[in-house]
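Visitor: Below are the sequence and a predicted model for it; my questions follow.
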Amino acid sequence: MFAFLTKLRRRRKTAPVSRPRPRRLTLEVLEDRTVPSSVVSEFPGQGVWRFRDGTGWQQLTPVDAALVAVNNRGDVAAEFQGLGVFRFRDTVGWQFLTGGTADLLHIDENGSIAAAFRGVGTFRFMDVTGWQLLSPADPVSLGIANSMVVGSFPGVGVFRFRDVTGWQFLSGATAAQVDIDSRGDLVAHFAGLGVYRFEDVIGWQVLARADPISVAIAGDGKVVMALNNAGIFRFQDVTGWQAISPSVPVQVDIDSVGEVIGSFVGAGVYRFVDGLGWQFLTPTFAIQVGIA
């Protein structure tokens with residue numbers, strides 16, 4: 001364990017990107033931003049990297065992670081096969097949280113973590129409480145924001161957990177993907193039915209009759225989805241759906257101001273910003289990406 005932590009704490013370096021011709025993670029110089037976003041990526045064979053405006057790419061560990069997630073402070077949660085769940089913070093570096101193997105892993109703006117451990121159940125980690133068992137059931141999809149947790153459970157449906165209410169039943173249908181924003185709004189992909197958003201005031205709304213490969217929500221109900229053979233679309237209440245790229249990524253994510261991150265096979269990692277369009281961050285393909 002200590003040898004692994006030593007590796008995790010190795011200083012930032014630049015690694016080869018592809019073979020047989022080595023390449024380097026590269027950065028487009030961007031304008032100053034009042035609230036910089038944080039991007040996390042897992043580059044196979046190169047470990048976990050974080051991108052922030054003003055500093056560019058920083059290698060957090062050369063060890064490859066099975067799962068990664070990031071919040072807007074730049075905190076990173078990661079699952080390392082055979083080693084467990086760790087959290088990275090600038091002030092302390094990597095912290096070991098559990099030796100269990102997480103199948104699902106997410107982090108919120110407070111640094112709290114939602115994780116699912118197969119055969120054990122759904123848990124939440126908070127600094128003040130440590131790990132809490134929220135449910136012995138295994139979800140197919142999971143999300144966390146502002147300490148609220150959403151889970152989609154096979155054969156049972158979609159539920160949202162709040163400390164004041166416990167689990168709240170929202171739908172009897174099992175969603176293939178779910179996510180939650182800091183207001184408690186949800187997005188859910190119900191296979192064969194489409195993409196729906198849940199808000200407390202109005203309940204479920206159908207946003208699209210489509211089956212995305214990736215969907216996420218953030219901020220005040222902003223939604224992004226990626227569709228096979230169609231590209232990336234972003235939904236905002238004031239504009240509806242907006243096609244922002246015809247290219248199909250392996251994964252997309254969205255932050256609270258509506259910026260979108262995508263990883264594209266053979267092209268690398270790009271970020272979409274209103275007024276600027278797509279920004280090239282690196283030619284390296286990331287198997288997982290996240291933005292906050």
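Guide: Received it, and whenever you're ready, just let me know what you need.

Visitor: going forward, measure contacts and count neighbours with C-alpha atoms only.
Guide: Will do.

Visitor: Now do the helices for the protein: every range, in order, please.
Guide: Using DSSP state H, the helices of the chain run over 2-8.

Visitor: so what's the residue lying closest to residue 283 once chain neighbours are set aside bridging to?
Guide: Nearest residue to residue 283, sequence neighbours excluded (Cα to Cα, 6 or more residues apart in numbering): residue 268, at 4.0 Å. Residue 268 has these beta-bridge partners by DSSP bridges: residue 264.

Visitor: which residues does residue 268 contact?
Guide: Counting by Cα atoms under 8 Å, 6 or more residues apart in numbering, residue 268 touches 280-286.

Visitor: if we go to 10 Å?
Guide: 25, 249, 262, 280-287 (Cα atoms under 10 Å, 6 or more residues apart in numbering).

Visitor: Give me the buried stretch members for stretch 146-157, please.
Guide: Judged by neighbour count using 16 or more other Cα atoms under 10 Å, the buried positions of stretch 146-157 are 146-154, 157.

Visitor: Kindly apply the preceding question to stretch 234-252 instead.
Guide: Buried residues in stretch 234-252 (16+ other Cα under 10 Å): 234-235, 241, 244-245, 248-252.

Visitor: Quick check: the residue lying closest to residue 269 once chain neighbours are set aside vs residue 251, distance?
Guide: Counting by Cα to Cα, 6+ apart, residue 263 is the residue found nearest to residue 269 once chain neighbours are left out, at 4.5 Å. Per Cα to Cα, to the nearest Å, residue 263 is found 6 Å from residue 251.

Visitor: Need the per-residue pLDDT for the residue nearest to residue 269.
Guide: Note for residue 263: predicted pLDDT of 98.

Visitor: next one: residue 199
Guide: 98.

Visitor: Report the contact partners of it.
Guide: 183-187, 205, 221.

Visitor: Show me what residue 68 is bridged to.
Guide: residue 78.
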